[in-house]
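Visitor: model this:
(one chain, ligands or ions: 1)
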Amino acid sequence: MEKLIVANFKLNKTIAESIDYAKKLRPLLKKCKNKVVVCPSFISIESMVNSLKGSNIEIGAQDCAFAENGAYTGEVSAKMLAYAGVKYVILGHSERREYFNETCLTINEKILQAQKYNLIPIVCISDDGGAGYKKNIKKELMLMLAGIEKECYIAFEPKSAIGTGNEMELKKVQSIVRLIKSESESILGSELKVLYGGSITKQLSSEYLACETIDGLLIGGACLNVDDFAQIATNSNIDKA
Ligand code: PGA
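Guide: Residues are numbered from 1 along each chain as shown. Below is the predicted model:
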């Protein structure tokens with residue numbers, strides 16, 4: 001089964017570094033059987049879209065505005081991103097919730113904006129699976145998914161696993177991914193696809209990708225090295241041979 005592998009550059013790489021990354025990544029993924037999305041900073045999007053034209057790699061954004069246009073200094077809208085060639089957008093990342101006070105309601109508005117312009121949202125849930133996690137995940141999904149209609153991915157990224165080297169153990173990930181799928185089905189009428197993210201390395205990636213319940217990976221730290229990211233994206237090809 002084809003999986004979705006997403007690179008999240010976060011606050012890293014200049015325009016020149018992003019172009020260099022794109023040029024190196026393109027030949028490495030020529031035979032890749034997975035869908036691959038790279039999410040650079042806003043400022044590098046146009047250059048990366050140009051460098052990757054005609055390849056099998058799509059560009060995503062790390063956020064979008066909750067409004068379409070207007071007096072929102074510093075924001076970038078889903079419409080602007082769509083016209084720049086962006087196909088996916090990460091929304092509600094735990095770092096956006098922590099440092100920019102994003103709530104499930106704002107994230108819902110962002111998802112609706114993204115879908116209006118045919119961007120595919122990758123919506124993050126950062127619950128750590130501690131006490132009350134089932135109730136919390138259900139509540140977050142109800143708020144964030146209200147009124148959504150088109151294709152959408154959920155990225156399950158436990159906060160304690162992000163950038164820490166403490167990935168959540170596969171069994172626990174699988175059970176929470178199953179919960180997210182069944183809750184999304186009861187809200188929307190059909191299951192959403194669910195990615196896992198949090199301290200995935202090239203060494204760990206095949207084990208997580210080999211698991212049928214997990215539809216792909218969201219990679220932070222390990223994507224910054226282009227060879228490591230290419231290896232993660234192509235690793236699972238072996239399983240399908
Ligand atoms: P990490 O980050 O791979 O560095 O843990 C994942 C993410 O925050 O998307």
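Visitor: for the ligand, give me its nearest residue in the protein.
Guide: residue 220 (2.3 Å; CB to the nearest ligand atom). Backbone N, C-alpha and C define where each C-beta goes, glycine included.
Visitor: give me phi/psi at that residue?
Guide: Dihedral pair for residue 220: phi -100, psi -100, per degrees, to the nearest 10.
Visitor: once you drop chain neighbours, what's closest to it?
Guide: Counting by CB to CB, 6 or more residues apart in numbering, residue 220 lies nearest to residue 8, which is 5.1 Å off, once chain neighbours are set aside.
Visitor: give the contact list for that neighbour.
Guide: When contacts are counted by CB atoms under 8 Å, 6 or more residues apart in numbering, residue 8 is found next to 39, 62, 90, 93, 197, 218-220, 223.
Visitor: in strands only, show me those residues.
Guide: 39, 90, 197, 218-219 (DSSP state E).
Visitor: give me the buried entries from these.
Guide: Among the ones in strands among the contacts of residue 8, those scoring as buried are 39, 90, 197, 218-219 (criterion: 16 or more other CB atoms under 10 Å).
Visitor: tabulate these (a markdown table), appending pLDDT.
Guide: Formatted as a markdown table, those follow (pLDDT from 0 to 100):
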| residue | pLDDT |
| --- | --- |
| 39 | 98 |
| 90 | 98 |
| 197 | 97 |
| 218 | 98 |
| 219 | 98 |
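Visitor: which bits of this structure sit near the ligand?
Guide: Within the chain, the positions near the ligand by CB under 6 Å from any ligand atom are 8, 157, 162-163, 197-200, 218-222.
Visitor: number of nearby residues for the residue lying closest to residue 1 once chain neighbours are set aside?
Guide: Among residues not flanking residue 1 along the chain, residue 212 sits closest, at 7.2 Å (CB to CB, 6+ apart). Using other CB atoms under 10 Å, residue 212 is surrounded by 8 other residues.
Visitor: residue 212 is in contact with residue 174, isn't it?
Guide: No. Applying CB atoms under 8 Å, one finds residue 212 not in contact with residue 174, separated by 9.1 Å.
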